[in-house]
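J.: sequence and predicted structure, then a few things I'm wondering about:
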Amino acid sequence: MNEKGAVAIADSFSIVPSQYAQRISEIFTLITEEEENLKKAIYMMRGLIQETEARMV
């Protein structure tokens, strides 16, 4: 399974952040050698994690 398959499966879960697949896709496009892009990707990933954790309560 590749990342696209994993994202599709996760996107079907009952507890999933809004626009999960779209946001993950954007995060992957930001993973480059550019420091600012990496910082933005990490920031966005933290947001997804926090949103997921909040939905689990």
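T.: Thanks, I have it.
J.: the helices in this structure, which residues?
T.: 3-11, 20-30, 35-55 (DSSP state H).
J.: packing partners for the second one?
T.: By that I understand helix 20-30. Judged by 3 or more C-beta pairs under 8 Å, 6 or more residues apart in numbering; DSSP states H and E, helix 20-30 is in contact with helix 3-11, helix 35-55. C-beta: built from backbone N, CA, C; applies to glycine.
J.: possible to save those helices as JSON lines with mean neighbour count, distance to S25 and mean pLDDT?
T.: Below are those laid out as JSON lines (neighbours: other C-beta atoms under 10 Å; distance: least, C-beta to C-beta, whole Å; pLDDT from 0 to 100):
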{"stretch": "helix 3-11", "mean neighbour count": "12", "distance to S25": "7", "mean pLDDT": "88"}
{"stretch": "helix 35-55", "mean neighbour count": "13", "distance to S25": "11", "mean pLDDT": "95"}
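J.: closest one to P17 among those?
T.: Proximity to P17 (C-beta to C-beta) singles out helix 35-55 among these, at 4.1 Å.
J.: please compute how far that closest one lies from its chain's middle.
T.: Distance of helix 35-55 from the chain centroid (C-alpha atoms, centre = their mean, to the nearest Å) equals 7 Å.
J.: show me what that helix is packed up against.
T.: Using 3+ C-beta pairs under 8 Å, 6+ apart: helix 35-55 touches helix 20-30.
J.: flag every buried residue along the helix it packs on.
T.: Y20, R23, I24, I27, L30 (16 or more other C-beta atoms under 10 Å).
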